[in-house]
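>>> Sequence plus the predicted model coming up.
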Amino acid sequence: MNGRRAAISLEEAQRRILALAEPVGTTCIPLREAIGLRLAEALAADAPIPAFSRAGMDGYALRAADLTGAAPHSPVRLSVVRPAELGHAPGRLQPGEAMRVGTGGPLPAGADTVVMQEAVTLETSDNGAQLAVFLREETAGRHVTAAGSEAAAGCEVVAAGTRIGPGQAAVLASLGLHMPRVHRRPRVAIVTAGDDIVPIEAVPRSGEVRNGNLPMLRALVETAGGSVVREQHVRDEPAHAGDALRRSLHEADIVLSSGGISVGESDVMGALFREAGAGLLFDKLAIRPGSATAAMQVEGKPVIGLSGNPGACFAGFELLVRPVLEKMGGGSGRLVWCRALLAEGSVKSNAYPRFLRGVAWLEDGLLKARPCEENSSSGLVSIGQANALLAIPPSNEETRAGAKIDVRLLPGWEGTLWRK
């Protein structure tokens with residue numbers, strides 16, 4: 001007996017770890033610094049959006065009824081009146097009048113239509129007045145955005161928990177919200193372990209490898225909305241590993257470890273999880289790769305141990321750590337999967353669910369996917385080639401091309417879905 005708990009399903013592991021994940025706190029920061037963060041409170045319009053009826057293009061504002069009967073053989077002429085001083089209300093339009101307006105500018109009271117300037121010719125009357133000539137009728141509301149057509153005053157325009165992107169930033173700015181209250185980024189500490197791991201600037205000796213997991217995890221944390229506040233590599237010494245964990249818990253909201261997670265004598269991180277007692281959430285998953293993944297709660301904070309094998313470490317992050325960081329940052333923590341056709345390649349039978357690095361693409365409106373050629377737990381190069389994780393359910397038979405599978409598109413997939 002090795003004292004390790006039985007492997008649990010990925011779904012149960014996600015449930016246990018997400019039950020501990022709570023938003024880490026809120027703060028008010030300048031809007032320019034809030035991009036990528038989530039709003040901590042719903043926002044309502046304090047005035048109609050737009051606040052006034054505005055022109056959809058450069059042209060002439062008028063009453064549609066004044067163009068009744070307009071045609072090439074019977075043009076309608078309207079008096080052109082000057083708009084009010086720039087920045088003030090444009091005044092009221094009387095019947096038989098038209099006013100020059102610019103795109104996005106306010107309509108004068110009484111106007112209900114804008115005719116594009118290309119469809120209008122100008123004349124000068126005998127008394128020197130300027131006339132606008134129209135050769136066709138127009139429909140009321142044409143090229144006009146009515147006041148409040150996007151949102152009425154008091155209407156919620158951005159829900160709590162929404163990630164602030166370009167569109168949300170524009171809405172917040174229009175509401176004058178220059179210091180929005182947002183969920184702050186979870187502070188993450190990363191601890192890698194192993195005497196056979198050397199810094200990336202070092203020249204590895206026989207049996208050694210450079211520490212590729214550390215920059216990979218740092219990049220993954222940042223794509224998930226977290227902020228890395230501490231990085232450390234530990235030797236295969238229990239005291240060194242324990243000290244690193246204590247320091248990390250002091251500085252971070254969540255601790256990630258990579259390597260040393262199994263049951264060997266040199267697996268110093270695994271020993272810390274085995275000593276967690278009631279705080280241990282799980283120490284083995286019924287998935288491939290990434291079975292050697294563990295989680296525990298220490299001092300009220302989640303600690304997740306990932307495999308030292310790059311491929312398994314990557315899968316473990318995407319399946320377990322990413323949803324935790326999303327929830328700690330104010331999100332739902334739900335992973336989104338798409339249905340796709342396995343168009344190329346095949347996957348051998350396996351008693352466990354498999355999450356393979358793969359490539360997805362759109363073809364004839366259909367999402368298709370194939371596994372990367374190299375998909376071992378220790379695989380490295382294919383992590384950079386993949387834009388998706390392919391979920392292959394347990395099966396006694398080979399999963400062949402033509403099967404429908406679940407696919408999770410990875411961050412940055414947007415520019416990779418079309419084959420050249």
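Thanks, I have it. Residues are numbered from 1 along each chain as shown.
>>> For the residue positioned nearest the centre of the chain, give me its contacts.
When C-alpha atoms, centre = their mean is applied to the chain, the residue found nearest the centroid is residue 163 (6.8 Å). When contacts are counted by C-beta atoms under 8 Å, 6 or more residues apart in numbering, residue 163 is found next to 36-38, 225, 331. Quick note: C-beta positions are derived from backbone N, CA and C, even for glycine.
>>> now, among these, which is nearest to residue 337?
residue 331 (16.1 Å; C-beta to C-beta).
>>> For the closest residue to residue 76 other than its chain neighbours, grab the count of nearby residues.
Taking C-beta to C-beta, 6 or more residues apart in numbering, and ignoring the residues beside it in sequence, residue 76 has residue 70 as its nearest neighbour in space, at 4.1 Å. When counting by other C-beta atoms under 10 Å, one arrives at 18 neighbours for residue 70.
>>> Can you check which strand is longest in this structure?
For the chain, the strand reaching the highest residue count under DSSP state E is reported as strand 354-363.
>>> helix or strand right after it?
Reading on from strand 354-363 to the C-terminus, the next helix or strand found by DSSP states H and E is strand 366-371.
>>> Now do whichever helix or strand comes after that next one: everything it contacts.
Going down the chain from strand 366-371, the next helix or strand is helix 381-385, by DSSP H and E. Residues outside helix 381-385 that contact it (C-beta under 8 Å, 6+ apart) are 216, 310-311, 314, 357, 359, 372-375.
>>> Can you lay out those as TSV showing pLDDT?
Below are these laid out as TSV (pLDDT from 0 to 100):
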residue	pLDDT
216	97
310	96
311	96
314	97
357	97
359	95
372	95
373	91
374	92
375	93
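>>> filter those to the buried ones?
Buried subset of the contacts of helix 381-385 (neighbour count, 16 or more other C-beta atoms under 10 Å): 216, 310-311, 314, 357, 359, 372, 375.
>>> List just the nearest of these to residue 277.
Using C-beta to C-beta as the measure, the one of the buried ones among the contacts of helix 381-385 that approaches residue 277 most closely is residue 314, at 29.5 Å.
>>> give me the low-pLDDT residue ranges for the stretch 51-200 of the chain?
Across the stretch 51-200 of the chain, residues meeting the criterion (pLDDT under 70) sit at 84-89.
>>> Double-check residue 49 against residue 156; I have them as touching.
No. Using C-beta atoms under 8 Å, residue 49 and residue 156 do not qualify as a contacting pair, with a distance of 11.7 Å.
>>> Between the two, which has more neighbouring residues?
Applying other C-beta under 10 Å to residue 49 and residue 156 shows that residue 49 carries more neighbours, namely 19 against 11.
>>> Just list the residues touching that one, thanks.
Listed by C-beta under 8 Å, 6+ apart, the contact partners of residue 49 are 148, 150-151, 157, 174.
>>> For these, give me TSV that also has distance to residue 56, secondary structure and neighbour count.
Putting these into TSV (distance: C-beta to C-beta, whole Å; DSSP: H, G, I helix; E, B strand; the rest coil; neighbours: other C-beta atoms under 10 Å) gives the following:
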residue	distance to residue 56	secondary structure	neighbour count
148	16	coil	17
150	13	coil	15
151	18	strand	16
157	21	strand	17
174	18	helix	15
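>>> Where does pLDDT dip in the stretch 251-400 of the chain?
264-265.
>>> quick one: contacts for residue 122?
Residue 122 sits next to 80, 130-133 when contact means C-beta under 8 Å, 6+ apart.
>>> again, 10 Å this time
Neighbouring residues of residue 122 by C-beta atoms under 10 Å, 6 or more residues apart in numbering: 60, 77, 80, 100, 130-133.
>>> Name the SS class of it, please.
In the three-state summary, residue 122 is assigned as strand, counting by DSSP: H, G, I helix; E, B strand; the rest coil.
>>> measure it to residue 192 for me?
74 Å (C-beta to C-beta, to the nearest Å).
>>> same deal with residue 37?
Distance from residue 37 to residue 192, by C-beta to C-beta: 27 Å.
>>> Which of these two has more residues huddled nearby?
Remark: of residue 37 and residue 192, residue 192 carries more neighbours, 24 against 21, as counted by other C-beta under 10 Å.
>>> count of neighbours near residue 82?
Residue 82 sits with 10 neighbouring residues when counted by other C-beta under 10 Å.
>>> Looks like it contacts residue 100 (just checking).
Yes. With contact defined as C-beta atoms under 10 Å, residue 82 and residue 100 form a contacting pair (8.1 Å).
>>> Give the residues shared as contacts by those two.
90, 130.
>>> what does the domain assignment say about this protein?
The record, using automatic domain parsing to delimit domains, assigns the chain the ranges 10-25+184-328, 27-49+149-183, 54-145, 338-416.
>>> What separation is there between the residue nearest to the centre of the chain and residue 326?
As for residue 163, its distance to residue 326 is 9 Å (criterion: C-beta to C-beta).
>>> Over to residue 187?
Distance of residue 187 to residue 326, computed by C-beta to C-beta: 15 Å.
>>> Next: residue 244.
As defined by C-beta to C-beta, residue 244 lies at a distance of 26 Å from residue 326.
>>> on that earlier part again, and the domains of the chain, which is most packed in?
Each of these was scored by mean neighbour count; the highest is domain 10-25+184-328, a mean of 20, by mean count of other C-beta atoms under 10 Å.
>>> From start to finish, how long is that one in a straight line?
The separation between the terminal residues of domain 10-25+184-328, taken as C-alpha to C-alpha, to the nearest Å, is 19 Å.
>>> Next: stretch 136-152.
Between the opening and closing residues of stretch 136-152 there is a gap of 34 Å (C-alpha to C-alpha).
>>> how far is that stretch from where the chain is centred?
Its chain's C-alpha centre and that of stretch 136-152 lie 34 Å apart, by C-alpha atoms, centre = their mean, to the nearest Å.
>>> One more: stretch 333-342?
On the basis of C-alpha atoms, centre = their mean, stretch 333-342 sits 15 Å off its chain's mean C-alpha point.
>>> looking at it, residue 50 is touching residue 104, isn't it?
Yes. A contact is recorded between residue 50 and residue 104 when judged using C-beta under 10 Å, the distance being 8.8 Å.
>>> Give me the common contacts of these two.
Listed as contacting both residue 50 and residue 104 by C-beta under 10 Å, 6+ apart are residue 145.
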